[in-house]
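Participant: After the sequence you'll find the predicted model.
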Amino acid sequence: MSVARLEDGLAGVRASALAASVARAELYDYATGARATGSTWADIAEALGVDDEHGVPAELAYELIVEGRAVPRRRSLWQPTARWTCGSCGESVVDHGPYDGCAVNNESGHEDHCPRIEGSS
C-alpha cells in the first residue's frame, strides 16, 4: 500500500491532524462500545498493547482514550525528537523542538555553514 504525499508540508500537517482527530474519535467510540458490552479497561489496554511497564494498564488505557494523554515513558534519558532532511543543506537533522528559540541549539546535523542555522543566531 502506498500513501499519497502532499507537496505542501503544512497542508500535510493539517490533513494528518484531521486524520488523527478522526482516529481518536473512532478509538473513543470503539472503546466505549466495548465497555458497554462488558469489556474492562484492562481488556482495552490489552487490545492496545499497553502493559504494566509504564503503570497500571487499565488506567493508562483510560487516560489515553478519554483524557488524550500519551502513555508515559519511564526511561529518563529518552527524549522525543523529530527527524527531517534540511531543505537548505540537504543533511539529516535531529530536531529537539522549539524550546530554546534558537535553531542552532535545537537542531543537530546541519552542515557547518547551513543558511538555516546561520540565519537563526
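Facilitator: Ah, there it is.
Participant: buried ones in the helix or strand hosting Ala45?
Facilitator: Assessed by DSSP states H and E, Ala45 sits inside helix 41-48. Buried residues in helix 41-48, counted by 16 or more other Cβ atoms under 10 Å: 41, 43-45, 48. Bear in mind the C-beta positions are built from the backbone N, C-alpha and C, glycine included.
Participant: Same question for stretch 95-113.
Facilitator: 95, 103, 106-107, 110.
Participant: got the angle between the helix or strand harbouring Arg35 and helix 41-48?
Facilitator: In the assignment (DSSP H and E), Arg35 maps to helix 9-36. Between helix 9-36 and helix 41-48, the angle comes out at 140 degrees (axes from the mean of the first three to the mean of the last three Cα atoms, to 10 degrees).
Participant: Against which helices or strands is helix 9-36 packed?
Facilitator: helix 41-48 (3 or more Cβ pairs under 8 Å, 6 or more residues apart in numbering; DSSP states H and E).
Participant: elements contacting the helix it packs on?
Facilitator: Checked by 3+ Cβ pairs under 8 Å, 6+ apart, helix 41-48 has helix 9-36, helix 57-62 packed alongside it.
Participant: Buried residues, the first one. List them.
Facilitator: Neighbour-count burial for helix 9-36, with 16+ other Cβ under 10 Å as criterion, is recorded at Ala31.
Participant: Centre of the chain to it, how far?
Facilitator: Centroid displacement of helix 9-36 relative to its chain, using Cα atoms, centre = their mean, to the nearest Å, is 13 Å.
Participant: OK, contacts around Ala58?
Facilitator: By Cβ atoms under 8 Å, 6 or more residues apart in numbering, the contact list for Ala58 reads 40-42, 44-45.
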